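[1] sequence and predicted structure below; questions after.
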Amino acid sequence: MRFLHLADLHLGKRVNEFSMIEDQKYVLKQVLNIIKEYNVQSVLMAGDIYDKSVPSAEAVLLLNDFLTELSKREITTFVISGNHDSAERIGFGSDIMSQAGIHMAKPYDGKVERIVMKDEYGEIFVYMLPFIKPAAVKHAHKEEGIITYDEAMAVVMKNINLDKSKRNILIAHQYVSGADRCESENISIGGIDEVSAGHFKDFDYVALGHLHGPQHVHSENIRYAGTLLKYSFSEVHHHKNALIVDIGEKGEINFKKIDIKPLHDMRELKGTYDELTARAFYEDLDTEDYFHITLTDEEDKVNALALLRTIYPNIMKLDYDNQRTKQNQKVMSAQKLEEKSPLNLFEEFYEIQNNVPMTNEQKAFIEEMIQKVWEVD
């Protein structure tokens, strides 16, 4: 059976105040074309479907159109919630939608939902595990002494009655120890959200979401699909693609990556104002792309951002790197404050007030409080 593994669509996301909706529509059309061209039979969507727990109307409509098209084509689809999603919103109407072949995972309640598919080799069991936190698992398994994410995952896996003679797929949204992260992801202090890849050793394929860079972890069969689009300049060198997974008889699995072309790529340019204005005319640059521009002029250019946007209309970031900024041991950014996470801002405030930095335990506690506030929002 041929699957398409997708993850981290982040529908409705804004990057440096630029809406990505049109970019997302553009790549989802490509995904539908890939499904048709390569005869994909099932789609695995591994969380962070939306960018916020309360998504915008545009984001909801975009997902509705995408899932409706998959249903019309009779593509069996599996969708789980990620840490950016509301598990309840993703799971809403799941019983009705499953009748159309669209399986939306409900919030974790102590059991991992299993859907059975069949092909010429027999049954394929697909397990849908939404993003879990220790508190949610502990609530469902009160007898277990759960503190960490890894302990929570161990309990979840222990309670799955896995038939190892069958072909088993797990869809999950967690950070697996050893995987590569980038700045655009929510990073927990001290790796408190890590889970071991060993929990997944009995599955034939593990379709992961959470990390934006496509990669496998400890095994070819434990994979992050990565995002279809670049969502920060830390991803500028990522090669985005759609991941096709062919599962044959037990033990037979093959992968194929299909390039995804963005509506606007992300690029970084560095040089003087005169050099960068000339490059647009003498180099083969798509000036409609999203740019991070670093000016090396010793004197600040008056209205540099507005002037450069007449040539590069989609500049997301403008920095200076010159002798003045180097003496400050940093590159000054016009958007420095906006780029800092709430945790970074609280750390700076704490140190100013107390003249000592926060401990890792304090950071972990504050991050948990921030996550609770976001969930309420």
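    Thanks, I have it. Residues are numbered from 1 along each chain as shown.

[2] who's in contact with residue 248?
    Contacts for residue 248 (CB atoms under 8 Å, 6 or more residues apart in numbering) come out as 121, 254. Every C-beta, even on glycine, is put in place using the N, C-alpha and C of the backbone.

[3] all helices of the chain, in order?
    Assigned helices in the chain, in chain order: 21-37, 57-72, 87-91, 94-98, 134-140, 149-158, 273-282, 304-308, 323-327, 336-339, 342-354, 360-376 (criterion: DSSP state H).

[4] check the ones you listed for me: which has the lowest mean pLDDT.
    Ranked by mean pLDDT, these bottom out at helix 336-339, with a mean of 55.

[5] residue 274: neighbouring residues, count only.
    10 (other CB atoms under 10 Å).

[6] what about residue 281, distance to residue 297?
    19 Å (CB to CB, to the nearest Å).

[7] again, but for residue 227
    34 Å.

[8] likewise for residue 372?
    Counting by CB to CB, the gap from residue 372 to residue 297 is 45 Å.

[9] so for these two, which residue has more residues nearby?
    A side-by-side neighbour count of residue 372 and residue 297, using other CB under 10 Å, places residue 297 first with 16 against 11.

[10] any idea how far the nearest residue to that one once chain neighbours are set aside is from residue 296?
    Using CB to CB, 6 or more residues apart in numbering and skipping residues adjacent in sequence, the residue nearest residue 297 is residue 272, 5.1 Å away. Look at residue 272 and residue 296: by CB to CB, they are 5 Å apart.

[11] now residue 27
    Using CB to CB, we find residue 27 at a distance of 34 Å from residue 296.

[12] how about residue 140: what's its closest non-neighbour residue?
    The shortest distance from residue 140 to any non-neighbouring residue, by CB to CB, 6+ apart, is to residue 110 (3.5 Å).

[13] I figured the one you found hits residue 159, correct?
    Yes. Using CB atoms under 8 Å, residue 110 is in contact with residue 159, at 7.1 Å.

[14] before we move on, back to that, which one's more surrounded, residue 27 and residue 296?
    Counted by other CB under 10 Å, residue 27 and residue 296 do not tie: residue 27 has more neighbours, with 19 against 16.

[15] centroid-wise, who is the farthest residue in this protein?
    Within the chain, residue 299 marks the point farthest from the mean C-alpha position, 39.1 Å out by CA atoms, centre = their mean.

[16] count the residues that sit near the residue nearest to residue 261 when sequence neighbours are not counted.
    Leaving aside its chain neighbours, residue 261 sits nearest to residue 30 (6.9 Å; criterion: CB to CB, 6+ apart). By other CB under 10 Å, 17 other residues sit near residue 30.

[17] try residue 319
    19.

[18] if we can go back for a sec, so who does the residue nearest to residue 261 touch?
    Neighbouring residues of residue 30 by CB under 8 Å, 6+ apart: 242, 260-261.

[19] quick one: which of those residues is most hemmed in?
    These, ranked by neighbours (other CB under 10 Å): first place residue 242, 24 neighbours.
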